[in-house]
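[1] quick one, fold the following:
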Amino acid sequence: MMEEYNHSLASVPAINPYLKSAQACGIDYLPLLEKVGIDPMVLQDNNQRIASGAMEQLLLLLIDASDDPCFGLNSSRFIEPASYSVLGYISMNCSTLRTIQAKIPIFEKIVGDMGVTSVEVADGFALQRWQCKFSHPLAVRHEVEHVLSSWVTYARNFLNFDPHDTVWFEHSAPQDPALLANYQEKFGCEVLFDKPSSGLRIREDKLDIPLPQANEQLLNMLLEHATRLLAEITQNQRVTDQVKNLLRLMLKQQTPSSEVIAEKLGISSRTLQRKLGEEGTQYKDVLNELRLELALYFLKNTELSLESIAYELGYGEARSFYRSFKQWTGRTAGSYRS
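    Here you go, the predicted model:
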């Protein structure tokens, strides 16, 4: 994990809210950029990316310079759609919050490798979690608070929607009780600390409330653009992972052939087969591995019918899914859920 983090990157738009917040605090951040090895000229280009480790070190310096125990939380006031790169505009054009939640894990790498989003649905609630990859506890605290408060700020300002019912933080409450009012004001709901994970707890019925600004045509254009960006970012990834990323995006529409995936990657079908073979796998195995991963997730964390799950996995008929699941696990899909 540490080796992976050392090679991870953060997008310039992800850093900008911190710099705007620092500027509002009267901090001259240029010497701090120099101290962590970030070229200020790089920050003029939103397509540029910097090392996540440098971003973490910069955040620690900004926290210290601001003398604000809620620096990460308060920096969320500078969030705008562009802060999430193309993912911010994808979210604005999705039809429901459930659709947004499905897109975030696929495309959040475009924003950066600072953490991982996941969604767990149980007992009538969805917990939209975020796990930070930073190593310093103080940086983790501020980054997590920034991300969760940014989600809320984004939803209020650009989706005209305030979906969350409770906020969870894995870390402890601030030592100064007076600071708790800042959290209540920011989130407008119950804020709990020392929880098993950090995230927004949302009533499940809110996930399917139609969002009025949804535009399916524009959404599809943005998804195509995001897919190309993701391919550029992940070009140094294993081919197996690149194939999985594309399959996650395309499965619901159909089961794409290896030829279609190869075309998306800009290589021939024969080259794709060869590269997968060099990684000890083949296209059919990657497809089945992803289908099993998604099937287990849907069965455990959602109340989707088996027929709907089959559709999500790209099966034309539910019985084909039943048969495959039994082959993969030795159990029926229904018995796994029960």
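[2] got any ranges where this structure has weak pLDDT?
    Within the chain, the ranges that satisfy pLDDT under 70 run 1-8, 236-237, 252-253, 301, 338.
[3] how does it divide into domains?
    Domain assignment for the chain by automatic domain parsing gives 2-208, 237-337.
[4] any chance of those in JSON lines, plus distance to His225 and mean neighbour count?
    Where you see a C-beta, it was placed from the backbone N, CA and C, and this is true even at glycine. Shown next, in JSON lines, are those (distance: least, CB to CB, whole Å; neighbours: other CB atoms under 10 Å):
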{"stretch": "domain 2-208", "distance to His225": "6", "mean neighbour count": "18"}
{"stretch": "domain 237-337", "distance to His225": "12", "mean neighbour count": "16"}
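[5] Ala226: which of those domains is closest?
    Ala226 lies closest, by CB to CB, to one member of those: domain 2-208, at 4.8 Å.
[6] quick revisit: any chance of TSV for the domains of the chain, columns distance to Leu218?
    Output for these, formatted as TSV (distance: least, CB to CB, whole Å):
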stretch	distance to Leu218
domain 2-208	5
domain 237-337	17
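[7] measure the residue nearest to Lys206 when sequence neighbours are not counted to Met250 for me?
    If you skip the residues right next to it in sequence, Lys206 has Pro163 as its closest partner in space, 4.9 Å away by CB to CB, 6 or more residues apart in numbering. Using CB to CB, to the nearest Å, Pro163 is found at 28 Å from Met250.
[8] also Trp151?
    26 Å.
[9] cool, and Asn47?
    Counting by CB to CB, the gap from Asn47 to Met250 is 25 Å.
[10] same question for His136.
    For His136 relative to Met250 (CB to CB), the value is 38 Å.
[11] Ser305 too?
    22 Å.
[12] same question for Ala181.
    47 Å.
[13] now Leu229
    16 Å.
[14] same check, this time on Leu58
    37 Å.
[15] and if you look at Met221?
    Distance from Met221 to Met250, by CB to CB: 16 Å.
[16] what of Ala122?
    Ala122 is 28 Å from Met250, by CB to CB.
[17] show me where the stretch 151-300 of the chain has strands.
    Assigned by DSSP state E, counting those that start in this stretch, the strands in the stretch 151-300 of the chain fall at 164-168, 190-192, 199-203.
[18] which residues does the last one contact?
    If I follow you right, that is strand 199-203. Residues from elsewhere that reach strand 199-203, judged by CB atoms under 8 Å, 6 or more residues apart in numbering: 97, 124-130, 148, 151-152, 163-168.
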